[in-house]
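Peer 1: give me coordinates for this.
(chains A, B, C and D)
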There are 2 protein chains.
Amino acid sequence: MRMDARKQDILLAIITDYIATAEPVGSRTIARKYRLGISPATIRNEMADLEDMGYIEQPHTSAGRIPSELGYRYYVDYLMKRQELTPEEEGLIRESYHQKVRDVGEVIQRTGQLLSQLTQYAAMVMPPKIGTSRFKYIRLVQLGSEQAMLVAIMDSGIVHHRIMEIPRGITAEDLETISTVLNAKLQGRTMDSIKLTLVKEIYLELIKHRKIIEMVMELLQDSLTRLPEERIYLGGILNILNQPEFRNVEKVKTLLSLLEQESLLCNLLADDVGREGVTVRIGREIRCRQMSNCSMVVATYRLKGKPVGTIGVLGPTRMDYARVVTVVEHLTKNLSRALENLLGGWDK
Amino acid sequence: MRMDARKQDILLAIITDYIATAEPVGSRTIARKYRLGISPATIRNEMADLEDMGYIEQPHTSAGRIPSELGYRYYVDYLMKRQELTPEEEGLIRESYHQKVRDVGEVIQRTGQLLSQLTQYAAMVMPPKIGTSRFKYIRLVQLGSEQAMLVAIMDSGIVHHRIMEIPRGITAEDLETISTVLNAKLQGRTMDSIKLTLVKEIYLELIKHRKIIEMVMELLQDSLTRLPEERIYLGGILNILNQPEFRNVEKVKTLLSLLEQESLLCNLLADDVGREGVTVRIGREIRCRQMSNCSMVVATYRLKGKPVGTIGVLGPTRMDYARVVTVVEHLTKNLSRALENLLGGWDK
DNA sequence: GTTAGCACTCGATCGCATTGAGTGCTAAAC
DNA sequence: GTTTAGCACTCAATGCGATCGAGTGCTAAC
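Peer 2: Take a look at the predicted model:
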């Protein structure tokens, strides 16, 4: 069976209506609201075809039709019309990014807030992945006789700090010396590129502080790989409770318990790092069983052309894809630009 | 009407049962489960008295009784029995605090997790209030030709960092000079104690960098007063969804929307800073209308004897107060001790 | 190929009777 | 005077059947 123009019209009408009302759509409704110039009976025949083809389904015999995952997929790929933002919304975005920012985290947070506010779904923003970011400045600061603070500033604008034990007898001057050497050796390098040879070099220069260097490297490794990836900005969960599909608390509970596992979210978002444009994952296309009634819209943002992180929206499969895709697209661009402004000019 | 021993027994039975089952308690239930040696009829008479006195109420005529806020108050003040933690729970706490920590935030986070895990309600932890914390180390690090990162380490273990614009023409050496002077002047001082005189002193030494100093002070001010207070650790919200009082989504929504306003939470927690021991706020004693069916249990933790923050648990008024109070008490002590270990030895 | 007509399906809603937990009152027992 | 058994009464919750109506699929006419 071919998908002729009329079938497309009907499918579009069903999906549009269902997205708006969350109620199964019947043939009468379509005939009345979407003036396609055909009678309910004809629509019914077409709907039976569409159901055979797998694009729509029937919750029960005496109800209207709702889109299937396949239906949404077809909609997103072929039927969905671009939807521009209103001038007010554009203004809101511009204003939000125009404020002075002082920190990468702040940009991330604002993006997340806009994302959830504009879409009315849950927003997720993965901060710039810093595996490839470079050391800008490193320093050990003495705190007490047995403790020091390790501070590392990366060119991604992220600051790492960790408290560490230091052996007795280390003086502030020792730390100064170590800091200087660390800076000289590590500045401009990425964590990944710090190979054994380099560590050896540092060892040689600081042979008497072997212990402390080992600790520093360990902390850096740890701080740079484990922690930051888990800190995903998550906002607008409240919005999701407004969706009728989450009227019963059990659903809410399962979703919330998933969202609490940041590592899971992280994987979901990381899947699409680097992909061009906006990706839509519908229902089971999200590789997560308990989210099978949800969809995700994600996109990668970039710094100097290189993908560094992703932003995404999570909502029910009955999501206003046209709108969400537009918003995600806009915000990805804005976020990339904002990061560029904030961090772009650092390596003079 | 006096509150004799028998009335107390009955009130205790009602509250204990209601806390356990969330169902209104009838006279038969009490006679059966709590062997007080009196018949349901007698209990009914006493219950009528207790209702007159305002300690219990009836949802509707043909239902059992539930405790009123006054009833819970009486329970918490006079009837509640201390409840010790099991050895397993003690072990869990010990283990959790025994792990190496590298950061104040980590301690806070662990405390919050324990709090929600052990009580099965929502946990809130306010990080150490740093208005009174002292500068340990300050530094401006050049990032690009027009930007620098301001890093300030406080003796509370908190690290502030902000990106700032710098005027063109400032060299790395200039920043070095400024950093040195800032360190010399600010080390060991609190933000509050930095009066005009001190700022003037700094001005004099760095007369040619007036602009930059102004910006630094502004950023410090901003960073130290606004941001950190709002970053309250909040966890275990999921637990609250397990409570039968939150079976309908509307309730969940109003509560979640309140919990999203960190400044509100902050005020609620801040109310009790410095108070001795554990404070229990029942229903409308929390000064927040929408939380009138909730209770809070909060306590202040200390560093070197000085109150620096509070931890708290939020749950329905039908909360297991005995247990929660014990847990909060324990964790407050543990948190104080952990901070002491981490930060106590810093000002040699 | 399209559409009007019609029988049919089935969830949702409403009304009504039933149930049962719990009460308050009264009168008898202790 | 206090306690308790007995009893009538209340009222939310539960269950059940009737009804409703949105929507379908099929058939026959256009």
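Peer 1: does the lengthiest helix in chain A come close to chain B?
Peer 2: Determined from DSSP state H, the single longest helix within chain A is helix A:321-343. Yes: Helix A:321-343 is in contact with chain B by CB under 8 Å from any CB of the partner chain, via A:342-343. All C-beta spots, glycine's among them, are computed from the backbone N, C-alpha and C.
Peer 1: hmm, who's touching stretch A:53-60?
Peer 2: For stretch A:53-60, the external contacting residues (CB atoms under 8 Å, 6 or more residues apart in numbering or on different chains) are A:1, A:3, A:11, A:14, A:24, A:47, A:50-51, A:64-68, A:70-71, A:74.
Peer 1: those residues also near DNA strand D: which ones?
Peer 2: Contacts with DNA strand D within the contacts of stretch A:53-60, counted by CB under 7 Å from any atom of the strand: A:24, A:47, A:51, A:64-65.
Peer 1: of those residues, which pair is most distant in space?
Peer 2: Farthest pair in these (CB to CB) is A:P24 and A:E51. Separation: 12.2 Å.
Peer 1: now the common contact residues for the two.
Peer 2: With CB under 8 Å, 6+ apart as the test, A:P24 and A:E51 both reach A:58, A:65.
Peer 1: tell me where the stretch 201-348 of chain A has strands.
Peer 2: A:233-235, A:278-282, A:294-303, A:306-316 (DSSP state E, counting those that start in this stretch).
Peer 1: can I get those in JSON lines with distance to B:F135?
Peer 2: Formatted as JSON lines, those follow (distance: least, CB to CB, whole Å):
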{"stretch": "strand A:233-235", "distance to B:F135": "29"}
{"stretch": "strand A:278-282", "distance to B:F135": "46"}
{"stretch": "strand A:294-303", "distance to B:F135": "32"}
{"stretch": "strand A:306-316", "distance to B:F135": "33"}
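Peer 1: among those strands, which is nearest B:R94?
Peer 2: Across the strands of the stretch 201-348 of chain A, closest to B:R94 is strand A:233-235 (CB to CB), at 31.3 Å.
Peer 1: picking up where we left off before, which of the ones next to DNA strand D among the contacts of stretch A:53-60 count as buried?
Peer 2: With burial judged by 16 or more other CB atoms under 10 Å in any protein chain shown, the buried subset of those is A:24, A:47, A:64-65.
Peer 1: tell me which entries of those lie within strands.
Peer 2: Judged by DSSP state E, strands contain none of those.
Peer 1: could the residues you listed be laid out in TSV, adding pLDDT?
Peer 2: Formatted as TSV, these follow (pLDDT from 0 to 100):
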residue	pLDDT
A:P24	96
A:M47	96
A:G64	93
A:R65	97
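Peer 1: just give me the closest of these to chain B.
Peer 2: Checking these against chain B with CB to the nearest CB, the nearest one is A:P24 at 21.5 Å.
Peer 1: you'd agree that closest one is up against A:G64?
Peer 2: Yes: the pair A:P24 and A:G64 passes the contact test of CB atoms under 8 Å, sitting 3.5 Å apart.
Peer 1: between the strands of the stretch 201-348 of chain A, which one is closest to B:L92.
Peer 2: If we rank the strands of the stretch 201-348 of chain A by CB to CB, the stretch that ends up nearest is strand A:233-235, at 26.7 Å.
Peer 1: what does that closest one rub up against?
Peer 2: So strand A:233-235 is contacted by A:108-109, A:111-113, A:115-116, A:122-127, A:259, A:262, A:265 (CB under 8 Å, 6+ apart).
Peer 1: mark which of those residues are buried, thanks.
Peer 2: A:108-109, A:111-113, A:115-116, A:122-127, A:259, A:265.
Peer 1: keep only those of those residues that are in helices.
Peer 2: Using DSSP H, those in helices are A:108-109, A:111-113, A:115-116, A:259, A:265.
Peer 1: geometric centre of chain A: which residue is closest?
Peer 2: Using CA atoms, centre = their mean, the residue of chain A that lies closest to the mean C-alpha position is A:I311, 2.7 Å off.
Peer 1: can you say which of the strands of the stretch 201-348 of chain A is nearest to B:K136?
Peer 2: Nearest to B:K136, of those and by CB to CB, is strand A:233-235 at 29.0 Å.
Peer 1: parallel or antiparallel, list what pairs with the closest one.
Peer 2: strand A:122-125 (antiparallel) (DSSP bridges).
Peer 1: the one helix or strand A:Y74 maps to packs against which elements?
Peer 2: Using DSSP states H and E, A:Y74 maps to helix A:69-74. Packing contacts for helix A:69-74, counted by 3 or more CB pairs under 8 Å, 6 or more residues apart in numbering or on different chains; DSSP states H and E, involve helix A:5-21, strand A:278-282.
Peer 1: how far off strand A:306-316 does the longest one point, in degrees?
Peer 2: Right, helix A:5-21. Counting by axes from the mean of the first three to the mean of the last three CA atoms, to 10 degrees, helix A:5-21 points 80 degrees away from the direction of strand A:306-316.
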